[in-house]
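Asker: Predicted model and sequence below, questions to follow.
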Amino acid sequence: MIFSRKTDYGLRALMYLADRRGRGPVTLHEIAEKLMIPKAFLSKILQQLAKKGVVRSLKGPSGGFVLAAEPAELTMQEILLEIDGPMRVFECFATESDCSYYGDCLIRDVFGEVEQKIGQVLAQYTLADFQRHREKTPESAGPAKA
């Protein structure tokens, strides 16, 4: 399973917002520049996250983006679901109509369990966990890496 560039950029932007929580809104320009993310792509990601209620977009001269929840309340599983939708190892897992072998498919059974385990692991970690990990590692001082 490979996570998309959209997920990478979205996670990095959320970590950046978590680090600046309580200091007011952060502009799209600042996030894009500090994290070296294309501004137009980041704008689409943050707008999507705003529609899903993960971030809030504040208008005006002192506007920007802020997290809509405490970092400890945002699990990696929830964040990835909001950015990229349900995790699938194989596309055909989505519905029975996609595959004539659906009811008798060992691949689906095994990799369905893999998806479930990945989800369980991601549900154990929050955005706050990433912050705590970065605080322990002094070499993490530059652009956030996912």
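Answerer: Nice, thanks for sending it over. Residues are numbered from 1 along each chain as shown.
Asker: Can you report how many residues lie near A13?
Answerer: If you count neighbours by other CB atoms under 10 Å, A13 ends up with 25. C-betas here are computed from N, CA, C, even on glycine.
Asker: dump the residue contacts of the nearest residue to it once chain neighbours are set aside.
Answerer: Nearest non-adjacent residue to A13, counting by CB to CB, 6 or more residues apart in numbering: I31, 5.4 Å away. Residues in contact with I31 (CB atoms under 8 Å, 6 or more residues apart in numbering) are A13, Y16, L17, I37, L42, L46, F65.
Asker: Verify the contact between the first one and Q47 for me.
Answerer: Spelled out, that is A13. No - between A13 and Q47 there is no contact under CB atoms under 8 Å: 11.6 Å.
Asker: So for the helix or strand containing L46, what gets flagged as buried?
Answerer: Using DSSP states H and E, L46 sits within helix 39-51. The neighbour-count check on helix 39-51 (16 or more other CB atoms under 10 Å) flags L42, S43, I45, L46, L49 as buried.
Asker: would TSV of the residues you listed with distance to L74 and pLDDT be doable?
Answerer: Below are the buried residues of helix 39-51 laid out as TSV (distance: CB to CB, whole Å; pLDDT from 0 to 100):
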residue	distance to L74	pLDDT
L42	18	97
S43	20	96
I45	15	97
L46	14	97
L49	10	96
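Asker: what's the closest of these to I79?
Answerer: Within the set of the buried residues of helix 39-51, L49 lies nearest I79; the separation is 8.4 Å, counting by CB to CB.
Asker: separation between that closest one and G63?
Answerer: Remark: distance between L49 and G63 (CB to CB, to the nearest Å) = 16 Å.
Asker: hang on, I2 in a helix?
Answerer: No - judged by DSSP: H, G, I helix; E, B strand; the rest coil, I2 forms no part of a helix; its state is coil.
Asker: Thank you, goodbye.
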